[in-house]
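Asker: with the sequence up front, the predicted model follows.
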Amino acid sequence: MSETTTPKGSEFESQLNKSDTRVAEFSGHKRTPLQHLQHFLHGNPTMVPVIVLLVGIGIFGSLIGGRFFNAFTMTLILQQVAIVGIVGVAQTLIILTAGIDLSVGAIMVLSSVIMGNLAVVNGVPAPLALLIGFAVGTLCGAINGVLVAKVRLPPFIVTLGMWFVFEAVNFIYTQNATIRAQDVEAAAPLLQFLGNTFQIGGAVFTYAVVSVLLLVALFYYILNNTAWGRHVYAIGDDEDAARLSGIRSNKVLISVYAVSGLICAFAGWALIGRIGSVSPTSGYEANIQAITAVVIGGTSLFGGRGSVIGTLVGALIVGVFAMGLRIYGTDPQWTRLTVGALIILAVAADQWIRKVSA
């Protein structure tokens, strides 16, 4: 009968070492440069819009030269994207929870006409009129939040319907009447405050530009350094898992929509400063413009990933391309074509980045 033999100690250890080496080679395979880029962008999603912005500035700087690279043009771009940037912050909060709000523009305009009519037509002190306008915007957002969180209706349908509701309330309340800039300036100049300018060197800034920068900094801190901010990201990533972990998702969702409405009301104040007058028909494209800034800025439409800084960069990208193409003398439709292409590319990039392997 033959005996079973086992390898000697040194031979057995050699076989184990070879096996460990093969496992290490398998698990530690080298990433390609494209995979390194994918992992980097997955951890730093804001870098995508930053790169696009720098490329856009470089292209138009080389094509236009001094007419583009001057303080007046740069600050004019900031002035033009300030309101979109403010509404974009509101939209970012919603999209981070895997929702969407089509009513942000209507909330902004409704809040602005309430501020204007109370202060100019009804003689309410301007500070109180502003507070009432902010309260109305917050209430509008909270209504959206309750319908989404408590009634469990899809955000797209809820906010689409409320868009028409808020728009109708606006026209019923104002009778489609515009309050002239001269009347606003005479009765309540505080309403135009965010449109006032100040100069630093050759650059001219509005207080709305300062406010959007402060707003972005504030919500960047809140989203990254508070429990509420972490809960917003957690709900967008997986609401069921967030609820099981103890997060009161309904309460957080309602608060997100309410805060979004408050920010839109603030944008309504900035809108009065921007155009000078109080118009029930202005600013209704703000919802589309805000979604555009959010998507181009790298925030995922699937929720859980993104940054308010990216949204501001996304708004600047649209502003840079719009201004650059205008100075270059192209047809305005090229701006719309370019923005549309950027939206598609941004979504495609997000899909590719989300597929990153562990």
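Answerer: Cool, the structure landed. Numbering: from 1, shown residues only.

Asker: okay, strands next: where are they in this structure?
Answerer: 197-200, 203-206 (DSSP state E).

Asker: please identify the most buried of these.
Answerer: strand 203-206 (a mean of 18; mean count of other CB atoms under 10 Å). Glycine gets a C-beta too; all of them are placed from N, C-alpha and C.

Asker: what is that strand packed up against?
Answerer: Packing partners of strand 203-206 (3 or more CB pairs under 8 Å, 6 or more residues apart in numbering; DSSP states H and E): helix 71-96, strand 197-200.

Asker: I'd like the average pLDDT over the shortest one.
Answerer: Looking back up the chat, that one is strand 197-200. Strand 197-200 shows a mean pLDDT of 88.

Asker: show me what it is in contact with.
Answerer: Residues from elsewhere that reach strand 197-200 (CB atoms under 8 Å, 6 or more residues apart in numbering): 204-207.

Asker: quick one on the thing from earlier: of the helices and strands packed on strand 203-206, which shows the lowest average pLDDT?
Answerer: strand 197-200 (a mean of 88).

Asker: hmm, back to that, closest to T174 out of the helices and strands packed on strand 203-206?
Answerer: Among the helices and strands packed on strand 203-206, the nearest to T174 by CB to CB is helix 71-96 (19.5 Å).

Asker: next, the buried residues of the closest one.
Answerer: Applying a neighbour-count criterion of 16 or more other CB atoms under 10 Å, one finds 73-75, 77-96 buried in helix 71-96.

Asker: what number of residues lie near I275?
Answerer: 18 (other CB atoms under 10 Å).

Asker: which residues does it contact?
Answerer: Here I275 is in contact with 181, 195, 282 (CB under 8 Å, 6+ apart).

Asker: tell me how far it lies from F72.
Answerer: According to CB to CB, to the nearest Å, I275 and F72 sit 20 Å apart.

Asker: do P189 as well
Answerer: Counting by CB to CB, the gap from P189 to F72 is 26 Å.

Asker: any regions of the stretch 151-300 of the chain where pLDDT drops low?
Answerer: For the stretch 151-300 of the chain, applying pLDDT under 70 flags no range at all.

Asker: V50 contacts V313, doesn't it?
Answerer: Yes. Here V50 reaches V313: they are 5.8 Å apart, a contact under CB atoms under 8 Å.

Asker: excluding its backbone neighbours, what's nearest V256?
Answerer: L93 (5.2 Å; CB to CB, 6 or more residues apart in numbering).

Asker: I figured the one you found hits S260, correct?
Answerer: Yes. Look at L93 against S260 with CB under 8 Å: they come within range, at 5.2 Å.

Asker: touching both of these two, which residues are there?
Answerer: Contacts common to L93 and S260, judged by CB under 8 Å, 6+ apart, are absent.

Asker: neighbour count winner among V50 and V313?
Answerer: V313 (25 against 17).

Asker: residue contacts, the closest residue to that one other than its chain neighbours?
Answerer: Of all residues not flanking V313 in the chain, P49 sits nearest, at 4.3 Å (CB to CB, 6+ apart). Contacts were defined as CB under 8 Å, 6+ apart; by that measure P49 touches 296-298, 310, 313-314, 317, 346.
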